[in-house]
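Colleague: Structure of the sequence below:
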Amino acid sequence: QVQLVESGGGLVQAGGSLRLSCAASGRTLNRLGMGWFRQVPGKEREFVAVISWSGDNTYYADFVQGRSTISRDNGKNTVYLQMNSLKPEDTAVYYCAAREVHSRSYYSAQGREYDYWGQGTQVTVSS
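Modeller: Here you go, the predicted structure:
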């Protein structure tokens, strides 16, 4: 079992930046692919970014491509999502998720494939 706790959300003006953190406990990030998803009330959860176990492979949703960077520090058991040039439409609750993997390079953008989820952190971007 792994517990995930997100932090770093908040209120920011359009064009600003935030760095979200996801701290894992209960086990290490070894053999875990990590992803970020977001959800707006009344809408389905959507994929934001993912990073493979090794950290060598990343993949982003089109709407954050070029504006965000996902990274991981396995020594600190933490995954990050740096978000720049934020837009009001980025307002959502952002969730960290972990998926058991056997391949160091595997990654998935499908939320249903993830085994563990955090409680989420609110990001609000004002115009």
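
Colleague: Pull the contacting residues for the most centrally placed residue in the chain.
Modeller: Using CA atoms, centre = their mean, the residue of the chain that lies closest to the mean C-alpha position is Trp36, 2.2 Å off. By CB atoms under 8 Å, 6 or more residues apart in numbering, the contact list for Trp36 reads Leu20, Cys22, Val48, Ala49, Val50, Ile70, Val79, Leu81, Tyr94, Tyr95, Cys96, Ala97. Where C-beta positions appear, they are placed from N, C-alpha and C, glycine not excepted.

Colleague: what's the answer for Val40, then?
Modeller: Contacts of Val40 (CB under 8 Å, 6+ apart): Thr91, Ala92, Val93.

Colleague: Out of these, who's the most crowded?
Modeller: Ala92 (22 neighbours; other CB atoms under 10 Å).

Colleague: Once you drop chain neighbours, what's closest to it?
Modeller: Computed as CB to CB, 6 or more residues apart in numbering, the closest residue to Ala92 that is not its neighbour in sequence is Arg38, at 3.9 Å.

Colleague: Just the element for the closest residue to Ile70 other than its chain neighbours, please.
Modeller: Ranked by CB to CB, 6+ apart and with sequence neighbours excluded, the top spatial neighbour of Ile70 is Ala49, at 4.1 Å. Assigned by DSSP states H and E, Ala49 falls within strand 46-51.

Colleague: Now do the buried residues in that strand.
Modeller: Phe47, Val48, Ala49, Val50, Ile51 (16 or more other CB atoms under 10 Å).

Colleague: Phe47 pairs with what?
Modeller: In this entry, Phe47 is beta-bridged to Phe37, by DSSP bridges.
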